[in-house]
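# Dropping the sequence and predicted coords here.
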Amino acid sequence: MKHVTIHPVWVRLFHWINAASVVVMCLSGWEVYDASPVFPAIRFPPSITLGGWLGGALLWHFSVMWVLVANFLGYLGLGVVTGRLRKKLFPVSVRAIVSDLAAALRGKLGHDDLSRYNAVQKFAYLAVIADIALLVLSGLTIWKPVQFALLRTVMGGFDNARVVHFVAMSVLVGFLAVHVAMVALVPRSLLTMIRGR
């Protein structure tokens, strides 16, 4: 029996590097955030932060930032060159998203063919790609507001860039929570991201 590869090795590598990078970026970012919260009512307990103090958290954040950016650009580049992004994520329409979302909410969305994404998955993956790009751009604006003055202006200033960064991080964490829940509901999808088929 011939095994069909659903996720080639490069996709799996980028996926797991991205997952690890995002976790470290969130944990260290929460420690940085707590040092000067954007929203004073929102604080992160030290037990779920990384770095131990502001300086340590910044070291983690700035180190892993380069891994995340390189991994993200590599994934996008190979996805475009190989045509995988176009084949996997397009076409997608509002009508298909609404239809598949309604089916999912009724528990009627099939997962027989894991090599094909439904419209909700396509939309979610496109949204998370845009969200990571926004995280990177807002992060650069916060890190180097003078050098990236144009980005700072586009984001409405330094303080607004911090709000954008926080909201984009929240969207990413929400995506991860839903993603993990979906994997728990369809465990075969985890196996395909580990062994490729």
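Looks like it came in fine.
# list the helices and strands the one helix or strand residue 57 maps to packs on?
Using DSSP states H and E, the secondary-structure element containing residue 57 is helix 54-82. Contact here means 3 or more CB pairs under 8 Å, 6 or more residues apart in numbering; DSSP states H and E; on that basis helix 54-82 packs against helix 9-35, helix 84-89, helix 119-143. C-betas here are computed from N, CA, C, even on glycine.
# Residue 52 sits in which helix or strand?
Assigning secondary structure by DSSP H and E places residue 52 outside every helix and strand.
# Report the spatially closest residue to it, excluding sequence-adjacent ones.
If the residues on either side of it in the chain are set aside, residue 52 comes closest to residue 31, at 7.6 Å by CB to CB, 6 or more residues apart in numbering.
# what about that neighbour, how many neighbours?
For residue 31, the neighbour count with other CB atoms under 10 Å is 23.
# That one reaches residue 51, doesn't it?
Yes: because the distance of 4.5 Å satisfies CB atoms under 8 Å, residue 31 is recorded as touching residue 51.
# intersection of neighbour lists for those two?
residue 57 (CB atoms under 8 Å, 6 or more residues apart in numbering).
# coming back round to it: now render the helices and strands packed on helix 54-82 as CSV, adding mean pLDDT.
Written out in CSV, the entries for the helices and strands packed on helix 54-82 read as follows (pLDDT from 0 to 100):
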stretch, mean pLDDT
helix 9-35, 97
helix 84-89, 96
helix 119-143, 97
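# so which of these gets nearest residue 60?
Nearest to residue 60 among the helices and strands packed on helix 54-82 is helix 9-35 (3.8 Å), distances taken as CB to CB.
# Mind giving me the packing neighbours of the helix or strand hosting residue 189?
In the assignment (DSSP H and E), residue 189 maps to helix 188-195. Contact analysis of helix 188-195 by 3+ CB pairs under 8 Å, 6+ apart lists helix 9-35, helix 158-185 as its packing neighbours.
# most packed of those?
Scoring those by mean neighbour count under mean count of other CB atoms under 10 Å gives helix 9-35 as the most buried, with a mean of 18.
# Show me what it is packed up against.
With contacts defined as 3+ CB pairs under 8 Å, 6+ apart, the secondary structure elements packing on helix 9-35 are helix 54-82, helix 158-185, helix 188-195.
# That one versus helix 188-195: what angle between them?
Interaxial angle, helix 9-35 versus helix 188-195 (axes from the mean of the first three to the mean of the last three CA atoms, to 10 degrees): 110 degrees.
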